[in-house]
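Peer 1: the sequence and its predicted three-dimensional model are supplied below.
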Amino acid sequence: MIEVIGLNKQFVTNVVYRDYNKVFSSQKICIEAPNGQGKTTLLMMLAGLETYESGELLFSGNALTEPHKQVAIASDSIALPDFLTAKQIINLSSNTFGCCWPTAIVDGFNFNEFLNTRFDALSSGNQKKCQLILALMRDAPYLLLDEPSAALDQASIEYLLILLDEYLVNKPQGQIIITCHEPEPFLLHGFECMPL
Amino acid sequence: MIANLKQSIGQYRFFMDYRFQAYKTELTQLLLQLKSFGLLFLVVLGSSVLGLILLLFLGLGKIIDSSDAPQYGAQMAWLYLLLQSVMLSAMKSAIKNSAQRAFQQTLVKRYWLGLVDIKLLLLSNGWLIASLVIAIELSINQWLRVPHFLVFLLLQFILGILCLYKPIALVYGFLLSAMWLMLPFDVSPLTYQCGFVLLFALSTLMVPFNFAAKLELSSLTGFWLIFFIHNSWTLIWRGALLLCVFMAFEVLLQERANLADIFSILSLAFVVLFSSSLQFDCSHLHQQYSVFFKMQNKQTAFFIGQFVPSLIVLLLSLIGFFALFNQASGLLLLTGIIWCALQQAIMQKKPAHYALVWMITTGGLLAALT
């Protein structure tokens, strides 16, 4: 369960959250809100990648001391080194996270033939696949996916749904939170829709 | 028929106006990027603009009149071509309006793009314009004595085109021609210049080899290495300018050996300037990917890593300086490292004061020496 208590966040003068409280209790949640309401910002704060003025973010009742170990995130807001090839980025991450090369996920997304392509030369769909591979390979208990189906082809969306179905099997405390403007396929796979 | 021609001319003029507008806009942006160096350019380079122009023509003089020392003249030509290529590389995206290239192709015939590219290239190539100014002044008799200068003019033009359309050939070409210059025998100036033409022509046939994509990446060191392989021009232009500084030092040392200490400090100042200014690129990269490395809990190592490339460039430059001029000095090395670290810190905290601190330190060291 993830609890957001008294969260205050603003960008210069633009207040995004003022004394915001929310409890995400379901294991699979799809956050729905119009553009510009702060969905991505919330995910980034939960992953410990964005600071906030005040408030508390509790995971199963505790604040995370090392969010990078327990939270995996895929978002367009995280700029990946665009001068590296996809293989180099995945290699770099698997070495720093100490996890194995994600053979099955790469195969499942049919990404093998793009591994030696520079990130900036990948199509938007393949860039999204690269982000998802980086997040999914870590097998962290909390998985945050920002618009995971955007730009993906139908086969890849279906493969992603299969992965998400299995993701929490060995993670009783785990949760998946996604943001999505077209949530129907996810709702069919057990996600609960929540407004922001 | 005439109506069609008129229409085409009208379209071409509109297109040319657009490209010129885009060229001016991008050049303005480029100058704004130099804002951090603003004061430096204004005070140091601004006041010495006449001197720089004079140096440019003096260099050309050495290239033209190189019958007594053909190898030295050819080295000067090589350096001149390298500096021209560095400058044009910086202006390339403005000349081609690269950002809107696909948009341009939807507007006009493909060959119009090339035509306008070359027009803007000629307008931008101050080095070629300087050579043409001298070329016009030469009489027929003088031309007959310096036919190699005609080949040099041709090289300047061709290298400009290579810079726009096949920059990798420039890298191979400069490496090959540097080897050509190092051969232990003197040939005539014309042979040297024809050698350059041949080597650059051969370079266009060489297949680009992207070894950066083949590198296995497992650490931050590899990340920085690949970044600099892809952005090698940030190192190339620094290397080219340092080469100029070292050549100037050599000439000044021959003229006034008694002022060697002052020239050493001035050389050190430029070494520090060119190495510490690399921090601008590294800091930009750090900002760009800090979230990515934060996600991997490597933010501290990534933060510290951004300071290392400048220090490596400084050390390599000083080692080169010491080796070339037999000027090894522990004090100079220590001063260089501390000064470079100071400039890097200033760049991080107060980038607007970067140039001011450099000038005050240079002045202070010169004052302490005298």
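Peer 2: Alright, I've got the coordinates. The structure displayed is predicted, hence computed values, not measured ones.

Peer 1: what comes up buried for stretch B:154-166?
Peer 2: By neighbour count on 16 or more other C-beta atoms under 10 Å in any protein chain shown, the buried set for stretch B:154-166 is B:155-160, B:162-164. The C-beta positions use only the backbone N, C-alpha and C, and glycine is treated the same way.

Peer 1: and stretch B:357-366, by the same measure?
Peer 2: B:357-359, B:361-362, B:365.

Peer 1: make JSON lines out of these and add distance to B:Ile304.
Peer 2: Listed next are the buried residues of stretch B:357-366 as JSON lines, based on distance: C-beta to C-beta, whole Å:
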{"residue": "B:Val357", "distance to B:Ile304": "22"}
{"residue": "B:Trp358", "distance to B:Ile304": "23"}
{"residue": "B:Met359", "distance to B:Ile304": "28"}
{"residue": "B:Thr361", "distance to B:Ile304": "24"}
{"residue": "B:Thr362", "distance to B:Ile304": "28"}
{"residue": "B:Leu365", "distance to B:Ile304": "28"}
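
Peer 1: now do the SS call for A:Ala140.
Peer 2: What DSSP: H, G, I helix; E, B strand; the rest coil gives for A:Ala140 is coil.

Peer 1: go on, A:Ile177?
Peer 2: A:Ile177 ends up strand, using three-state DSSP.

Peer 1: go ahead and confirm it touches A:Glu32.
Peer 2: No: with contact defined as C-beta atoms under 8 Å, A:Ile177 does not reach A:Glu32; the gap is 11.7 Å.

Peer 1: of these two, which one has the most company?
Peer 2: A count of neighbours by other C-beta atoms under 10 Å in any protein chain shown puts A:Ile177 above the other of A:Ile177 and A:Glu32, at 25 against 17.

Peer 1: chain A contacts on the stretch 251-370 of chain B?
Peer 2: Within the stretch 251-370 of chain B, the positions near chain A by C-beta under 8 Å from any C-beta of the partner chain are B:288-289, B:291-292, B:294-298.

Peer 1: then stretch B:184-200 to PDB, C-alphas only?
Peer 2: Provided in PDB are the C-alpha atoms of stretch B:184-200 (Å, rounded to 0.1, in the frame of the first residue of the first chain):
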ATOM      1  CA  PRO B 184      61.400  13.100 -42.900                       C
ATOM      2  CA  PHE B 185      62.000  14.800 -46.200                       C
ATOM      3  CA  ASP B 186      61.200  18.100 -47.900                       C
ATOM      4  CA  VAL B 187      59.300  18.300 -51.100                       C
ATOM      5  CA  SER B 188      58.100  21.400 -53.000                       C
ATOM      6  CA  PRO B 189      55.200  23.400 -51.700                       C
ATOM      7  CA  LEU B 190      53.100  22.300 -54.700                       C
ATOM      8  CA  THR B 191      53.800  18.600 -54.000                       C
ATOM      9  CA  TYR B 192      52.700  19.100 -50.400                       C
ATOM     10  CA  GLN B 193      49.400  20.700 -51.400                       C
ATOM     11  CA  CYS B 194      48.800  18.100 -54.100                       C
ATOM     12  CA  GLY B 195      49.500  15.500 -51.400                       C
ATOM     13  CA  PHE B 196      46.800  17.000 -49.300                       C
ATOM     14  CA  VAL B 197      44.300  17.000 -52.100                       C
ATOM     15  CA  LEU B 198      45.000  13.300 -52.800                       C
ATOM     16  CA  LEU B 199      44.800  12.300 -49.200                       C
ATOM     17  CA  PHE B 200      41.500  14.200 -48.600                       C
END
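
Peer 1: what's that stretch in contact with?
Peer 2: In this structure, residues lying in contact with stretch B:184-200 by C-beta atoms under 8 Å, 6 or more residues apart in numbering or on different chains are B:66-67, B:70-71, B:73-74, B:77-78, B:81, B:146-148, B:151-152, B:154-155, B:158-159, B:162, B:169-170, B:173, B:176-177, B:180-181.

Peer 1: in helices only, show me these.
Peer 2: B:70-71, B:73-74, B:77-78, B:81, B:147-148, B:151-152, B:154-155, B:158-159, B:162, B:169-170, B:173, B:176-177, B:180-181 (DSSP state H).

Peer 1: pull the contacting residues for A:Thr117.
Peer 2: A:85-86, A:126.

Peer 1: can you rerun that using 7 Å?
Peer 2: For A:Thr117, the contact set (C-beta atoms under 7 Å, 6 or more residues apart in numbering or on different chains) comprises A:85-86.

Peer 1: what of the one 10 residues further on?
Peer 2: Applying C-beta under 7 Å, 6+ apart to A:Gln127 gives the contacts A:Phe119.

Peer 1: which of the ones in helices among the contacts of stretch B:184-200 are buried?
Peer 2: Applying 16+ other C-beta under 10 Å to those flags B:70-71, B:73-74, B:77-78, B:81, B:148, B:151-152, B:155, B:158-159, B:162, B:169-170, B:173, B:176-177, B:180-181 as buried.

Peer 1: using just helix, strand and coil, how would you label B:Val313?
Peer 2: helix.

Peer 1: okay, now it: neighbour count?
Peer 2: Going by other C-beta under 10 Å, the residues that sit close to B:Val313 add up to 23.

Peer 1: in this structure it contacts B:Ser276, no?
Peer 2: No: applying C-beta atoms under 7 Å, one finds B:Val313 not in contact with B:Ser276, separated by 8.8 Å.

Peer 1: moving C-terminal of the helix or strand of chain A with the lowest mean pLDDT, what's the next helix or strand?
Peer 2: Least confident helix or strand, chain A: helix A:67-70 with a mean of 86, by mean pLDDT, DSSP states H and E. As assigned by DSSP states H and E, the chain's next helix or strand after helix A:67-70 is strand A:71-74.

Peer 1: which residue packs closest to B:Lys298, ignoring adjacent ones?
Peer 2: Sequence neighbours aside, A:Thr96 is the residue nearest to B:Lys298 in space, at 5.7 Å (criterion: C-beta to C-beta, 6 or more residues apart in numbering or on different chains).

Peer 1: so which strand or helix has the one you found?
Peer 2: helix A:86-97.

Peer 1: quick revisit: of the residues of the stretch 251-370 of chain B next to chain A - the most surrounded one?
Peer 2: Going by other C-beta under 10 Å, B:Met295 tops those with 29 neighbours.

Peer 1: mind listing what that one touches?
Peer 2: Going by C-beta under 7 Å, 6+ apart, the list of residues near B:Met295 reads A:49, A:68, A:73, A:78.

Peer 1: and for B:Leu202, the neighbour number?
Peer 2: B:Leu202 has 13 nearby residues by other C-beta under 10 Å.

Peer 1: so where's the stretch 51-200 of chain B uncertain?
Peer 2: Counting by pLDDT under 70, the stretch 51-200 of chain B has low-confidence residues at B:51.

Peer 1: could you dump stretch A:39-59 to CSV, C-alpha only?
Peer 2: Provided in CSV are the C-alpha atoms of stretch A:39-59 (Å, rounded to 0.1, in the frame of the first residue of the first chain):
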residue,chain,number,x,y,z
LYS,A,39,0.5,12.3,-12.8
THR,A,40,4.1,12.0,-14.0
THR,A,41,5.4,14.3,-11.2
LEU,A,42,3.7,12.0,-8.7
LEU,A,43,5.4,8.9,-10.1
MET,A,44,8.7,10.7,-10.2
MET,A,45,8.3,11.7,-6.5
LEU,A,46,7.3,8.2,-5.6
ALA,A,47,10.5,6.9,-7.3
GLY,A,48,12.6,9.4,-5.3
LEU,A,49,13.6,11.2,-8.5
GLU,A,50,11.8,14.4,-7.9
THR,A,51,11.9,16.5,-4.7
TYR,A,52,8.9,18.0,-3.0
GLU,A,53,8.4,20.8,-0.5
SER,A,54,6.7,18.8,2.3
GLY,A,55,4.7,15.7,3.0
GLU,A,56,5.2,12.0,3.4
LEU,A,57,5.3,9.1,0.9
LEU,A,58,4.8,5.8,2.7
PHE,A,59,5.3,2.3,1.2
